[in-house]
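Q: Provided below are the primary sequence and the corresponding predicted coordinates.
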Amino acid sequence: MSDLRRGLPLTKSNREKIFPKLTPVQISRIELHGHIRSVQSGEVLIEQGDRSVPFFVVITGEVEILRPLGDRETLVTVHGPGEFTGEVNMLSGRRSLVRARVTKPGKVIELDHQQMLSLVQTDAELSGILMTAFILRRVELIAAGVGDIVLVGSTYSASTLRIREFLMRNGHPYSYIDLERDPDVQNLLDSFRVSASEVPVLICRGQIVLRDPSNQEIADCLGFNESIDQTHVRDLIIIGTGPSGLAAAVYGASEGLDVLMLETSSPGGQAGSSSRIENYLGFPTGISGQELASRAYLQAQKFGAHMLVARASRLSCDSKPYVVELENGTQISTRTILIATGAQYRKLPLENLSRFEGTGIYYGATFVEAQLCGGEEVIVVGGGNSAGQAAVFLAQTAKRVYMLVRSNSLAASMSRYLIRRIESSTTIILRLQTEIVAVEGKDHLESVYWRNTQTGQTEKHEISHLFIMTGADPNTHWLDGCVALDDKSFIKTGPDLSADNLSAAGWPLTRQPYLLETSLPGVFAVGDVRGGSIKRVASAVGEGSTAISFVHKVLEE
Ligand SMILES: Cc1cc2nc3c(=O)[nH]c(=O)nc-3n(C[C@H](O)[C@H](O)[C@H](O)COP(=O)(O)OP(=O)(O)OC[C@H]3O[C@@H](n4cnc5c(N)ncnc54)[C@H](O)[C@@H]3O)c2cc1C
């Protein structure tokens, strides 16, 4: 019997879901996918650092799960009859974070990585039980910092924040030591001659010390990419794993396509940084972007899609099959491509801006935000149409809308009809030649300072809702002219492509481009990176899944 009191201190009393006991009928269904074997006391079934580890169900005997650290081992849990090993790495094929050792001899069912994937793809009931257990186990490992990484960083270092975000959003557990709180560690780093500019330091799998590593270096050290074959020609490469890329991966892989995702950072994209998405269908109480992303990523993996943590740096558009080049020079061939690289919202250069994103600072003005700040004062920053629309919309419910614009007039940047509405509104107060210089607050934005750039006069206002509507830059610079772009560098697709665009691109086919297809046959663009897109999670998901039906058509051509 597993005794949780001997292992990891669980944050939830949800024991049955984390370590469920399978019924004899469920166990016999698992047996059909693998084989039974005997195990002996002391036998190590999984070693920490092993890749593509097998899945074990204990029939008789006992298997302990341990976290090795140097010469010491910490007990995570013990699996008894009816219980099973594994957590999310089981699907991704990434390295095991723990060791599994037999403590009482008996029999187990063993499934290799492929057999495990086939089980979760074909047995809906077991898929639900195993997936839930794997996710909750990973949550517990993260909460307890049970991982193969120690990060030594500083609260004041941007790189530390980047790495913590990268590990957190990739769902990778780690231990963190803050130099500001632990001066002894600073002395240790000094004696190893680690300079301030080399902080943070990351100790990877107790073996390799990385100084201020890039995301790619961390991914390489943790072996995120090593189980993935980068040599064969794929049906589809998806570049970017925000909501649109993840949706395409789930639909593509579940419909039998050989799908590879490329992601420079972590699954979820911009949506992954949203603390609560309130307007996504099916989640009436909202869902955090991180949770939505990890569920979707796991779903894509369940259907057999793979992900490389890597930046696509070039598309060679003349060769067929197409070749996508990664930042490290690796080239991967594919029959079709889906570009889902999104856009970067332009941010204000304020030190603590990110602290209030989602808690007072917003990049979109929907009914949700309007409700949040109904009857209160709000600020809209920006002089373009999106800022004008937001100001007019928010003026219907807010007590007062301050519209801050850096230039000395709206005429050059905003449609006339919006300017008229702003001018005739008694709720909107327009402040030209004005910029925000600081924001303050504890858990939520509380005050904003702005300065008139002509007079230099600074004002403090106790306002807790700031809408930054200064536009977005699409992540298309790396495409280097391969596909037609609009005047703001977003990708043109389907009916938006003019005859001139197609002839300039040398469109070779008698048919017109499919909806969401770019000026390059078989190369699609979806989500925020696409010209005229709606810039919402739901529309990105819709476009990603829709594009897959056209990918099938191209593959049949
Ligand atoms: C703070 C915030 C809150 C939001 N809240 C909401 C909300 O509540 N509701 C809503 O509907 N919408 C919301 N949005 C908008 C929504 O998040 C976006 O519309 C949506 O994420 C777009 O999805 P996407 O897949 O097109 O692109 P993105 O989410 O932008 O994802 C693009 C991905 O591509 C990757 N990438 C970029 N270049 C490369 C490259 N060269 N190689 C490999 N990978 C690359 C990026 O790292 C990123 O992960 C919010 C946006 C923000 C910023």
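A: Sure thing, it's come through. Numbers count the residues shown, from 1 in each chain.
Q: Can you name the next helix or strand after the helix or strand bottoming out on mean pLDDT in the chain?
A: Taking mean pLDDT, DSSP states H and E as the measure, the chain has helix 183-191 as its least confident helix or strand, at a mean of 71. The element immediately downstream of helix 183-191 (helix or strand, assigned by DSSP states H and E) is strand 201-204.
Q: what helices or strands is that next one leaning on?
A: With contacts taken as 3 or more Cβ pairs under 8 Å, 6 or more residues apart in numbering; DSSP states H and E, strand 201-204 sits against strand 149-153, strand 208-211, helix 215-222. (Each C-beta comes from the backbone N, C-alpha and C, glycine too.)
Q: The least confident helix or strand of the chain to strand 149-153, inter-axis angle?
A: Calculated by axes from the mean of the first three to the mean of the last three Cα atoms, to 10 degrees, helix 183-191 forms an angle of 90 degrees with strand 149-153.
Q: Phe56: what secondary structure?
A: Under DSSP: H, G, I helix; E, B strand; the rest coil, the three-state class of Phe56 is strand.
Q: And for it, the neighbour number?
A: 23 (other Cβ atoms under 10 Å).
Q: on that earlier part again, just tell me which of the helices and strands packed on strand 201-204 ends up closest to Val250.
A: Shortest distance between Val250 and the helices and strands packed on strand 201-204, using Cβ to Cβ, is found for helix 215-222: 21.9 Å.
Q: Any residue of the closest one touching the ligand?
A: No. Using Cβ under 6 Å from any ligand atom, helix 215-222 stays clear of the ligand, coming no nearer than 9.5 Å.
Q: which residues touch the least confident helix or strand of the chain?
A: Helix 183-191 has contacts (Cβ atoms under 8 Å, 6 or more residues apart in numbering) with 152, 177, 179, 199, 201.
Q: can you pull the buried residues of that helix?
A: Going by neighbour count (16 or more other Cβ atoms under 10 Å), the buried part of helix 183-191 is 186, 189.
Q: Go ahead and produce CSV holding the CA coordinates of it.
A: What follows is helix 183-191, C-alpha atoms only, in CSV (Å, rounded to 0.1, in the frame of the first residue of the first chain):
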residue,chain,number,x,y,z
PRO,A,183,24.3,35.7,1.4
ASP,A,184,26.1,32.5,2.0
VAL,A,185,25.4,31.4,-1.5
GLN,A,186,26.8,34.8,-2.8
ASN,A,187,30.0,33.9,-0.9
LEU,A,188,30.0,30.5,-2.6
LEU,A,189,29.6,32.1,-6.1
ASP,A,190,32.4,34.5,-5.3
SER,A,191,34.7,31.7,-4.4
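Q: about what we covered before: out of the contacts of helix 183-191, who's nearest Arg162?
A: Val199 (12.4 Å).
Q: Just to check, that closest one is in contact with Asp212?
A: Yes. Proximity of Val199 to Asp212 meets the contact threshold set by Cβ atoms under 8 Å, at 6.8 Å.
Q: what residues are shared contacts of these two?
A: Joint contacts of Val199 and Asp212 (Cβ under 8 Å, 6+ apart) are Ser159.
Q: Please enumerate the strands of the stretch 251-400 of the chain.
A: Ranges of strands in the stretch 251-400 of the chain, per DSSP state E, counting those that start in this stretch, are 259-263, 306-309, 312-316, 322-326, 331-339, 343-345, 361-362, 377-381, 400-404.
Q: and Gly145, which of those is closest to it?
A: Closest approach to Gly145 among the strands of the stretch 251-400 of the chain is made by strand 306-309 (21.4 Å; Cβ to Cβ).
Q: which of the residues in that closest one are buried?
A: Buried residues in strand 306-309, counting neighbours by 16+ other Cβ under 10 Å, are found at 306-309.
Q: Give the bridge partners for the nearest residue to Glu198 once chain neighbours are set aside, please.
A: Distances taken as Cβ to Cβ, 6 or more residues apart in numbering place Arg211 nearest to Glu198, at 3.9 Å, with adjacent residues excluded. Beta-bridge partners for Arg211, by DSSP bridges, are Val201.
Q: Which residues does stretch 241-254 contact?
A: Taking Cβ under 8 Å, 6+ apart as the rule, stretch 241-254 contacts 235-236, 238-239, 259, 261, 263, 266-272, 292-293, 296-297, 299-300, 303-305, 307, 338, 340, 342, 526-528, 537, 540-545, 547-548, 551.
Q: Recalculate using a threshold of 7 Å.
A: 236, 238, 259, 261, 263, 267-271, 293, 296-297, 299-300, 303-305, 307, 338, 340, 342, 526-527, 537, 540-541, 543-545, 547-548, 551 (Cβ atoms under 7 Å, 6 or more residues apart in numbering).
Q: what about the residue of the stretch 301-450 of the chain found nearest the ligand, neighbour count?
A: Nearest to the ligand, among the residues of the stretch 301-450 of the chain, is Gly342, at 2.0 Å (Cβ to the nearest ligand atom). Gly342 has 26 neighbouring residues, counting by other Cβ under 10 Å.
Q: And for the one 10 residues further on?
A: The local packing count at Asn352 equals 11, with neighbours defined by other Cβ under 10 Å.
Q: How about the residues of the chain by the ligand?
A: 239-245, 262-265, 269-271, 273-274, 277-279, 311-312, 340-342, 345, 357-358, 363-364, 475, 478, 527-529, 535-538, 540.
Q: for stretch 380-398, which positions count as buried?
A: 380-384, 386-395, 397-398.
Q: So which of these are in helices?
A: 386-395 (DSSP state H).
Q: got those residues as JSON lines, with pLDDT columns?
A: Listed next are these as JSON lines, based on pLDDT from 0 to 100:
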{"residue": "Ser386", "pLDDT": "78"}
{"residue": "Ala387", "pLDDT": "89"}
{"residue": "Gly388", "pLDDT": "90"}
{"residue": "Gln389", "pLDDT": "86"}
{"residue": "Ala390", "pLDDT": "89"}
{"residue": "Ala391", "pLDDT": "93"}
{"residue": "Val392", "pLDDT": "92"}
{"residue": "Phe393", "pLDDT": "90"}
{"residue": "Leu394", "pLDDT": "93"}
{"residue": "Ala395", "pLDDT": "94"}
